[in-house]
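Visitor: predicted model follows, preceded by the sequence.
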Amino acid sequence: MEALSVPRPEWMTEELGMLEEQTRRFLSHEMVPHIETWHEQGMMDRSAWNKLGEAGLLLAGIPEEYGGAGGTFAHETVINREFALAGMDQIGAPLHSGIVAPYILNYGTEEQKKKWLPKLASGELVGAIAMSEPGAGSDLQAVRTTAVKSGNGYVLNGSKTFITNGQHANLIIVVAKTDPSQGAKGTSLIVVETDETPGFRRGRKLKKLGMDWADTSELFFEEAKVPAEALLGTEEGQGFFQLMRDLPQERLIVATSAIGMIERALRLTIDYVKDRKAFGKAIVEYQNTQFELAECKTEATIGRVFHDHCVAQHLKRELDTATASMAKYWLSDLQNKVVDRCLQLFGGYGFMDEYPISRMYRDARVQRIYAGTNEIMKVVIARTL
Ligand SMILES: Cc1cc2nc3c(=O)[nH]c(=O)nc-3n(C[C@H](O)[C@H](O)[C@H](O)COP(=O)(O)OP(=O)(O)OC[C@H]3O[C@@H](n4cnc5c(N)ncnc54)[C@H](O)[C@@H]3O)c2cc1C
C-alpha cells in the first residue's frame, strides 16, 4: 500500500504505471532476496548489473539506437523510486544510468555513443564518475589529476576518492586537468576503460557509517595511458561546462531517492505501530504516535508534490539549477528528520541492524553530503536572491 495519497503527476502515464509494476515485481523477486548477503559481504554481486541490464532497468532514458530503452527521465525516476521503496537506495544504478550515460549521450561523439552506451545498457560495462579527490570535493576547480597529451593519447596521473561503483566500474569518466595552468577552462572529462588501461589501480572499498553494501572506493592513476578518443567530445577544456549543465538531473536523482526512502520509512513505521503493543494497546493508539506520523506524512506529502513538480519541469527542460538544489537539500534533510522520528517509534528495535529502519537511519546521512553538500546547495540557491 502507498504511504502517501498524492495525486499521480501528469507525467505519470499508463506506460510508466506498467513500468512501475514490472520494476517492483522484478526487484522483489530478483534483487531484494540477495540484500542480506550483499549486506554481509559488503558489496552487491557483479552479476546483478547484468540482471538489471537484461530486465531493461539500465539506461531506461537513453534512445534505443544506443541500446537504451528509449524512454525519458520519467522512466529513470520511476525505476529509481522503486529502488528506494525496495530498500535498495545503496545501488549505484541511478548514477550509472542517470549521470554517467547522459554525459556520453549529451557530449560524446557518435562513435563514442555507439561504442559505450549499448554496453552500459546491458551491464557489460559498469559506469562511474570520478570527480572527488582527497584535496578536492566541493571545490572541483582544485582537482589535481592531470591528463597530459602524449603521442596519440593522454597520460593520467592522480588519485580519486569516494567513487561510487569504484570496484565494479570498467568505464570511468575522470575529471582531469588537460591544461593545469588554467582552472575551470583547463578541465576535461576523460573516459577510462579500465580493462584496457595500464597504470590504473583500484584502492580500497571504503568502510562507511552507512550504505554498507554500496561500492565506494579510491582510484589511482599512475602514468595511466589512454587513447586520444578517450576525451569526451572533441574539444579539450569543456569538462566544467559539461559537469555544470548536467547538475540539475544529478540533484533530482538524489531527491527521488530521498522521497522514496521517506515513503518507505512511513510505510514500515505505520505497519509496526499498528502491531506493537504497550500498556495493553497498540502504539498507534497513543496520540503522540499519531501526531508524530501525521506531521511526517504532511511534510512527506509536501515533499512529494514538490519533487513531482521538479520532475515535470525537468522533462520540459525548464528545471534550473537553483530549484534542483532546493529539491536535493530540502528532501535529503527531510529524509533524515522523518527517518529519525520513525526510528524512535520502533523503540529499541529501531536500533537493531536487522530492522530496516536502523539501516535507513545510517544510510540517510550521506544524502546531505554527496552530489554537492547541502551547504553548497544553499550557496547556489542564495545566488538567486
Ligand atoms: C558515499 C559517498 C559516495 C560518493 N560518490 C561520489 C562519486 O561517485 N563521485 C565523486 O566524484 N564523488 C563522490 N562522493 C564525494 C562527494 O561528492 C563529496 O564528499 C562532497 O562533494 C563533499 O566534498 P568533500 O568531502 O571534499 O567535503 P569538503 O568540500 O571538504 O567540505 C567540508 C565541509 O565544508 C563545507 N563547505 C565547503 N565549501 C563550502 C562553501 N563554499 N560554503 C559553505 N560551506 C562549504 C561543506 O558543505 C562541508 O560541510 C561521494 C561521497 C560519499 C560519502
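Guide: Sure thing, it's come through.
Visitor: what's near enough to touch the residue in the chain positioned nearest to the ligand?
Guide: Closest approach between the chain and the ligand, counting by C-beta to the nearest ligand atom: residue 137, at 1.8 Å. (Each C-beta comes from the backbone N, C-alpha and C, glycine too.) Applying C-beta atoms under 8 Å, 6 or more residues apart in numbering, we find residue 137 in contact with 162, 373.
Visitor: could you report the pLDDT at it?
Guide: As predicted, residue 137 sits at a pLDDT of 94.
Visitor: renumber starting at 25 from here on
Guide: All set: I'll call the first residue 25, so the last point we hit is now residue 161.
Visitor: run a quick neighbour tally on residue 346.
Guide: Neighbour count of residue 346, defined by other C-beta atoms under 10 Å: 15.
Visitor: what about it, helix or strand, and which?
Guide: helix 345-369 (DSSP states H and E).
Visitor: so that helix, near the ligand or not?
Guide: No: for helix 345-369, no contact with the ligand is found by C-beta under 6 Å from any ligand atom; the gap never falls below 10.6 Å.
Visitor: how about the helix or strand just after that helix: buried residues?
Guide: Tracing the chain past helix 345-369, the next element assigned as helix or strand by DSSP H and E is helix 380-388. Buried residues in helix 380-388, counted by 16 or more other C-beta atoms under 10 Å: 380, 381, 382, 383, 384, 385, 387, 388.
Visitor: ok, now stretch 194-213?
Guide: Across stretch 194-213, burial judged by 16+ other C-beta under 10 Å covers 194-203, 210-213.
Visitor: okay if I get these as a markdown table plus distance to the ligand, secondary structure and pLDDT?
Guide: Below are the buried residues of stretch 194-213 laid out as a markdown table (distance: C-beta to the nearest ligand atom, whole Å; DSSP: H, G, I helix; E, B strand; the rest coil; pLDDT from 0 to 100):
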| residue | distance to the ligand | secondary structure | pLDDT |
| --- | --- | --- | --- |
| 194 | 15 | coil | 97 |
| 195 | 13 | strand | 98 |
| 196 | 10 | strand | 98 |
| 197 | 9 | strand | 98 |
| 198 | 10 | strand | 98 |
| 199 | 7 | strand | 98 |
| 200 | 12 | strand | 98 |
| 201 | 15 | strand | 97 |
| 202 | 18 | coil | 97 |
| 203 | 20 | coil | 95 |
| 210 | 18 | helix | 95 |
| 211 | 13 | strand | 97 |
| 212 | 15 | strand | 98 |
| 213 | 12 | strand | 98 |
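Visitor: which of those lies closest to residue 188?
Guide: residue 196 (10.6 Å; C-beta to C-beta).
Visitor: ok, back up a step: now, which of the buried residues of stretch 194-213 sits nearest residue 231?
Guide: The nearest member of those to residue 231, counting by C-beta to C-beta, is residue 196 at 21.4 Å.
Visitor: so what does the helix or strand residue 335 falls within touch, helix or strand wise?
Guide: Assigning secondary structure by DSSP H and E places residue 335 in helix 311-339. Applying 3 or more C-beta pairs under 8 Å, 6 or more residues apart in numbering; DSSP states H and E, we find helix 311-339 packed against helix 97-109, helix 271-299, helix 345-369.
Visitor: toward the C-terminus, what is the element adjacent to the shortest one?
Guide: Read that as helix 97-109. Remark: after helix 97-109, the chain's next helix or strand is helix 117-119, criterion DSSP H and E.
Visitor: give me the contact list for that next one.
Guide: Contacts with helix 117-119, where a contact means C-beta under 8 Å, 6+ apart, come from 73, 76, 81-82, 100, 103-104, 107, 151-153, 188-189, 277, 280-281.
Visitor: same deal with stretch 345-358?
Guide: 268, 271-273, 275-276, 278-279, 282-283, 286, 323-324, 327, 330-331, 334, 337-338, 388, 391-392, 395-396, 398, 400-402, 404-405, 407-408.
Visitor: please list only the buried members of those.
Guide: Going by neighbour count (16+ other C-beta under 10 Å), those have 271-273, 275-276, 278-279, 282-283, 286, 323-324, 327, 330-331, 334, 337-338, 388, 391-392, 395-396, 398, 400-401, 404-405 buried.
Visitor: close to the ligand: what parts of the stretch 25-174 of the chain are there?
Guide: Proximity of the stretch 25-174 of the chain to the ligand (C-beta under 6 Å from any ligand atom) is limited to residues 153, 154, 155, 156, 161, 162.
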